[in-house]
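Q: Sequence plus predicted model, see below.
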Amino acid sequence: MIQTPVQTAQLSLLVIEDSDEDFVAFERIARRSAIPNPIYRCSDGDEALEFLYQTGEYADASLAPRPAMILLDLNLPGTDGREVLRQIKQNEILKTIPIVVFTTSSNPKDVEVCYQQGVNGYLIKPIDVHQLRRTVQIFFEYWFKMSLIPAGTYPT
């Protein structure tokens, strides 16, 4: 299925990020860049798994639509990002959702483990606001404008 611009604008992003400051900066950059995609946020790993499995406070599927893409921080309270990644990639329904890690960790072991578990990209969060803006813009450009995302990962 080829995606038209209208379809790609409707693809949602789930951001799993515990830092309010980092999420606000990300969201502000997305909006200033006129990114039309819906953005959902979970602030810890347990909430993210409830969102993805549509359980707990997200049992109503309208509150937790299946995302076309996941941006995942590794250092989360409770169930950390490494475990969230592992669970998603082992689930037959969720495993085709592309996941990009967006974290402060440049630890080579984290990078290796994430790719071994099936992550689709690994980005280091820049400290500089200009670099952050550029990184977020490139992320959206690549994943929502240039790449085709598997049709089974989002509602038709």
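A: Cool, got the structure.
Q: Relative to residue 108, how far out is residue 15?
A: Plainly put, residue 15 is 25 Å away from residue 108 if you go by C-beta to C-beta, to the nearest Å. The C-beta positions use only the backbone N, C-alpha and C, and glycine is treated the same way.
Q: and those two? which has more neighbours close in?
A: residue 15 (22 against 8; other C-beta atoms under 10 Å).
Q: could you say which helix or strand contains the more buried one?
A: Element membership of residue 15 [criterion: DSSP states H and E] is strand 13-16.
Q: phi, psi of the residue lying closest to residue 104 once chain neighbours are set aside?
A: Distances taken as C-beta to C-beta, 6 or more residues apart in numbering put residue 125 closest to residue 104, at 5.2 Å, once the chain neighbours are dropped. Main-chain dihedrals, residue 125, degrees, to the nearest 10: phi -70, psi 120.
Q: neighbours around residue 125, how many?
A: Neighbours around residue 125, by other C-beta under 10 Å: 20.
Q: That one: what's it in contact with?
A: Taking C-beta atoms under 8 Å, 6 or more residues apart in numbering, we find residue 125 in contact with 22, 102-104, 132, 135.
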